[in-house]
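Asks: Could you work out the structure for the sequence below:
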Amino acid sequence: MGVPLLYLHITSPTLEAPSPTTLANAEDKTKQICSIRPQDKEVLTALKGGEEDVAPRRGKKRPRGPNPLSCKKRKKSEGEKSEGNEKSKKKKKKKKKSVLEKKVRKEILGES
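Replies: Down below sits the predicted model:
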């Protein structure tokens, strides 16, 4: 293992290639970090139950209805329009007069 050598040329710095022993040492360290210990493999297989990975099946795509926002609304016939008017007549409420209006009317009618 050695220290990488750095050469400074006119335009840019250049690193010297690492030696074969340095490359082998670095490769061994990465294998140790990335590998799984034999004890861990046994635990994983026990937890997994020895089953193979089975991907869940996806359902078939079904045809869907039209987009309700892009569809035209159905035109109402004359019979349906009259029903709507009758309903609106029944729903009208009388407007309540406020107490203030009554007092003002009494004053005006009482004075004149």
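Asks: can you give me the strands for the chain?
Replies: Listed from the start of the chain, the chain has strands (DSSP state E) covering 6-8, 13-15.
Asks: quick one: average confidence on the last one?
Replies: Confidence over strand 13-15, taken as the mean pLDDT, stands at 88.
Asks: If you count contacts, what does that strand end up packed against?
Replies: Strand 13-15 is packed against strand 6-8, with contacts defined by 3 or more C-beta pairs under 8 Å, 6 or more residues apart in numbering; DSSP states H and E. Every C-beta, even on glycine, is put in place using the N, C-alpha and C of the backbone.
Asks: strands paired with the strand it packs on, and their directions?
Replies: In its sheet, strand 6-8 lies beside strand 13-15 (antiparallel), with partners assigned from DSSP bridges.
Asks: hmm, back to that, format the strands of the chain as CSV; extra columns: distance to residue 67 and mean neighbour count.
Replies: Formatted as CSV, these follow (distance: least, C-beta to C-beta, whole Å; neighbours: other C-beta atoms under 10 Å):
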stretch, distance to residue 67, mean neighbour count
strand 6-8, 65, 9
strand 13-15, 61, 9
